[in-house]
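Visitor: sequence? don't have it. structure:
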């Protein structure tokens, strides 16, 4: 979506410092935000409050990581709301059908939900690549299909998951943080492994960095794209599982609000929408920034109607601060 | 006639086929009076899609439109008694200003329009929630009829909303095809670096495009508020995605430079025909969303002109 000019003044001491600064800017923004809220209200720094932030952020982090891979390829995936809903509902039905407790065969519902996510992502990718429909449109329409499918499956009902073992995702705490935070951490490491240690991960960057070059060097770009959407679908499913674990309810609305939230977080973290730049750590920082802002405003007691506006202003500032203005000629 | 020559007419063909298909299943759909009413009902959506066309035409996107419309419904409701018909100036001014600020943040601060407009939308939402006191407000009926009663009603069988929509479409079409500004928009959408190199003041053009989309969002919000006789920070929710879909289905790609306001007219009609067809064909309410998505994929696959897209992202 944008063109980068050649990195000017590469090699001089100043430019290295500037690049380093830009690279670490999102993290700096996060630290400054935390410091600010801590000064305004010391209770912000308590373990309880951090646990609250991380619980809220875990499902969104999974969804945002999924879409990060797609954005690195220079595409976009807007199907997350539908996919999360379908995975949550599919998980709930499968789980209850197989016995309704993790101690039985019902644990199979967990991989089943991830399989459902993978299939949805795969179909999404196929529609995008085979019908040559831009991913924005293809995935948006797939999102409608997903939300609709979840609606058809539930008929508008909510499904309660009351199994104590599954709910221990939220109720069981280690060092003050519930299990779901650690689960999210494990999948973050998995995502980091995919990104840095697999051919597929490097291919995402190759496609995003310059599709012509990737094709010229013999890469099967279409295959990489479809796989990217499939991986994203799996992470959406993990996000759905954590969301169900957090609230104990699976319904059509489980996926609501994930779309703009996750993409905002990805961009705030420093991953460029035009692809090739960024990664899962950026997304972690971006998600934390968004949720720290949300939580901090509640903790310091800002009135509800101001919070949306402040979030908007801070998001813009965070992106401005982490943009390397000298290497961009324009954005779209 | 070769397929190449037919390509610009794909959206029209899709629309005609859809209408005939629905009419074949349920002939009452083709009743002219109900068709006119159907189209009149979606005028606010169409106006919003018109504005969105400008943002997408230059290769950006405006995600603040829904919140701008929300804010305007509240502003119009609160200040109607005080200012009468001139509240429209206030509303449209607010839309123009919010759009222009979004444009400034995008062009001068290098924040992608996706994020910049989304964030400006949050700010507008804050304004709407503050001004409405987080309640659903209703308009003073007398002041409404005195100032904006003309917006609704019929003259010689033509609903006034349709006339307003036609007028705005004419303005937008004139801007796009008959002014240097319109040409500049196309140039920016087709290739921004080339536009800069040829001496266009690209920043100003882009800011103006976003300001225009904000203005149209405000007009849509105003009509909405008069139609429903009230204002609320959530009144226009659900319109944003449909407006984007309408623009894209009409054949204006997100990369910009191709398509335009006439395409958006067709796109909006396609979206509306699909939606209302499900009512006419008695599709189960729980299945409507899913079928809408599937038909959408088919419609886009048939509509979009891929010949100018080398890489599909």
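Guide: Now that the structure is in, tell me what you want to look at. Here the structure is a predicted model, which means the values were calculated and not measured.
Visitor: the closest residue to chain B within the stretch 101-250 of chain A: which element?
Guide: Of all residues in the stretch 101-250 of chain A, the one sitting closest to chain B is residue A:148 (2.7 Å; Cβ to the nearest Cβ). C-beta here means a position set from N, CA and C on the backbone, and glycine is covered the same way. Using DSSP states H and E, residue A:148 falls within helix A:135-154.
Visitor: any idea which residue sits dead centre in chain B?
Guide: Closest residue to the average C-alpha location of chain B: residue B:49 at 1.5 Å, with Cα atoms, centre = their mean.
Visitor: correction: chain A
Guide: Closest-to-mean residue, chain A, Cα atoms, centre = their mean: residue A:64 / 0.7 Å.
Visitor: how about it: what's its closest non-neighbour residue?
Guide: Once flanking residues are discounted, residue A:64 sits nearest to residue A:262: 4.0 Å by Cβ to Cβ, 6 or more residues apart in numbering or on different chains.
Visitor: can you name the residues that contact the one you found?
Guide: Counting by Cβ atoms under 8 Å, 6 or more residues apart in numbering or on different chains, residue A:262 touches A:60, A:63-64, A:66-67, A:80, A:287.
Visitor: over to residue B:58?
Guide: For residue B:58, the contact set (Cβ under 8 Å, 6+ apart) comprises A:332, B:185, B:188-189, B:205-206, B:209, B:256.
Visitor: which of these sits closest to residue B:74?
Guide: residue B:209 (25.5 Å; Cβ to Cβ).
Visitor: quick one: secondary structure of the closest one?
Guide: Under DSSP: H, G, I helix; E, B strand; the rest coil, residue B:209 falls in the helix class.
Visitor: surely it meets residue B:60?
Guide: Yes. Checked against Cβ atoms under 8 Å, the pair residue B:209 and residue B:60 is within contact range at 7.4 Å.
Visitor: between these two, point out the one with more neighbours.
Guide: residue B:209 (32 against 29; other Cβ atoms under 10 Å in any protein chain shown).
Visitor: follow-up on the earlier one: verify the contact between the residue of the stretch 101-250 of chain A closest to chain B and residue B:284 for me.
Guide: No. Residue A:148 lies out of contact with residue B:284 (Cβ under 8 Å); the separation is 10.8 Å.
Visitor: quick revisit: reformat the contacts of residue A:262 as JSON lines; add secondary structure and pLDDT.
Guide: Formatted as JSON lines, those follow (DSSP: H, G, I helix; E, B strand; the rest coil; pLDDT from 0 to 100):
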{"residue": "A:60", "secondary structure": "helix", "pLDDT": "97"}
{"residue": "A:63", "secondary structure": "helix", "pLDDT": "97"}
{"residue": "A:64", "secondary structure": "helix", "pLDDT": "97"}
{"residue": "A:66", "secondary structure": "helix", "pLDDT": "97"}
{"residue": "A:67", "secondary structure": "helix", "pLDDT": "96"}
{"residue": "A:80", "secondary structure": "helix", "pLDDT": "95"}
{"residue": "A:287", "secondary structure": "helix", "pLDDT": "96"}
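Visitor: helix or strand with the lowest mean pLDDT in chain A?
Guide: Lowest on mean pLDDT, DSSP states H and E among the helices and strands of chain A sits helix A:13-40, with a mean of 83.
Visitor: so where do the helices sit in the stretch 51-200 of chain B?
Guide: Under the criterion DSSP state H, counting those that start in this stretch, helices of the stretch 51-200 of chain B are mapped to B:65-83, B:87-109, B:113-132, B:141-148, B:160-178, B:180-190, B:192-197.
Visitor: what's the answer for the stretch 151-300 of chain A, then?
Guide: A:164-171, A:179-197, A:199-209, A:211-216, A:221-247, A:258-268, A:280-299.
Visitor: does the fourth one reach chain B?
Guide: This points to helix A:211-216. Yes. Helix A:211-216 is in contact with chain B by Cβ under 8 Å from any Cβ of the partner chain, via A:211-212.
Visitor: that helix - contacts with which helices or strands?
Guide: If you count contacts as 3 or more Cβ pairs under 8 Å, 6 or more residues apart in numbering or on different chains; DSSP states H and E, helix A:211-216 packs onto helix A:199-209, helix A:221-247.
Visitor: select, out of those helices, the one closest to residue B:201.
Guide: The closest of these to residue B:201 is helix A:199-209. By Cβ to Cβ, the value is 31.1 Å.
Visitor: tilt between the strand or helix carrying residue B:214 and helix B:65-83?
Guide: Assigned by DSSP H and E, residue B:214 falls within helix B:202-228. Helix B:202-228 and helix B:65-83 are oriented at 60 degrees to each other (axes from the mean of the first three to the mean of the last three Cα atoms, to 10 degrees).
Visitor: immediately after helix B:202-228, which helix or strand?
Guide: strand B:230-231.
Visitor: can you give me the neighbour number for residue 211?
Guide: Went with chain A since none was named. 21.
Visitor: can you look at chain B instead?
Guide: The burial count for residue B:211: 22, using other Cβ under 10 Å.
Visitor: re the thing from before, just tell me which of the helices of the stretch 51-200 of chain B ends up closest to residue A:315.
Guide: Among those, the nearest to residue A:315 by Cβ to Cβ is helix B:113-132 (4.6 Å).
Visitor: from the chain's centroid, how far away is that closest one?
Guide: Counting by Cα atoms, centre = their mean, to the nearest Å, helix B:113-132 is centred 18 Å from the centre of its parent chain.
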